[in-house]
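Enquirer: Here is my input; please provide its structure:
(one chain, ligands or ions: 1)
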Amino acid sequence: NPLNSAEYVLAAHLPRQLPPDGGREVAFAGRSNAGKSSALNAMAGHNKLARTSKTPGRTQQLVYFRVRPERWLVDLPGYGYAKVPPDLRAHWQSFINGYFRDREALVGLVVVMDVRHPLREFDQQMLAYAHARALPAHCILTKADKLSRGAQQSTLLQVRRQLQADYGEHVTAQLFSSSSKLGVDELRSVVAGWLDL
Ligand code: GDP
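Expert: Predicted structure coming up:
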């Protein structure tokens, strides 16, 4: 597992706190509670790489994990359906917007979605940011274990159809489960490929 060496390096809540813009990095986005921390941990094969506990202050930070020199995983802040205070939302918007616009090291985006609630407004916004600069994106439909095999497959097909219509070939999708480890190898190989590992 080429991502097993990932380790926490820093958390940034302002653009100037980001590491120098060099090398390659893959960003992970998802609404809070989608299962992003669990997915990062499963992918890296760590139990506690990304915190699965909810620490309120961290929800506005970009968290950097180094896989090897100049190769990074970036955990983007997400938010949920709970109402976000307007000033916090505005800060988040401009930080994330600037990150997607300016970050040259960014080579791909993973969007983590609960298989039961795919392609919500937040997810669409992330995909639109990636699309705006022709960045490839990969959607993981996590918590697949919560649905029957048949329901998993039909959701996957529906999501793929929608992505194809909206973004063409730039965006792919797969099923995932941190609990059963479904799709872990598939996610790893997409991310390792983007990072050129
Ligand atoms: P985050 O807020 O997106 O980082 O989400 P977490 O990774 O903290 O997960 C949110 C909740 O969903 C936690 O209670 C996890 O145990 C649960 N969860 C995450 N992934 C899975 C999964 O694949 N299957 C199931 N059944 N539960 C999951």
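
Enquirer: Can you give me the end-to-end span of stretch 39-48?
Expert: Distance between the two ends of stretch 39-48: 11 Å, counting by Cα to Cα, to the nearest Å.

Enquirer: for this protein, what spans make up the helices?
Expert: 36-44, 86-102, 121-132, 149-167, 184-195 (DSSP state H).

Enquirer: Count the neighbours of L88 for me.
Expert: Counted with other Cβ atoms under 10 Å, residues neighbouring L88 total 13. C-beta: built from backbone N, CA, C; applies to glycine.

Enquirer: whoops, I mixed them up, L157
Expert: 11.

Enquirer: Do you know the pLDDT at it?
Expert: pLDDT recorded at L157 is 98.

Enquirer: try the one 3 residues further on
Expert: The score at R160 is 98. That number is its pLDDT.

Enquirer: With K83 instead?
Expert: 68.

Enquirer: What is the least confident helix or strand in the chain?
Expert: Using mean pLDDT, DSSP states H and E, helix 86-102 stands out as the lowest-scoring helix or strand of the chain, at a mean of 90.

Enquirer: same for it, what does it pack against?
Expert: helix 121-132 (3 or more Cβ pairs under 8 Å, 6 or more residues apart in numbering; DSSP states H and E).

Enquirer: Check which residues of the helix it packs on are buried.
Expert: Neighbour counts using 16 or more other Cβ atoms under 10 Å place F122, D123, M126, L127, Y129, A130, H131 of helix 121-132 among the buried residues.

Enquirer: Direction-wise, compare it with helix 86-102 and give the angle.
Expert: 30 degrees (axes from the mean of the first three to the mean of the last three Cα atoms, to 10 degrees).

Enquirer: follow-up on the earlier one: could I get the helices of the chain as TSV with distance to the ligand?
Expert: As requested, the helices of the chain are exported to TSV (distance: least, Cβ to the nearest ligand atom, whole Å):
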stretch	distance to the ligand
helix 36-44	3
helix 86-102	15
helix 121-132	11
helix 149-167	12
helix 184-195	10
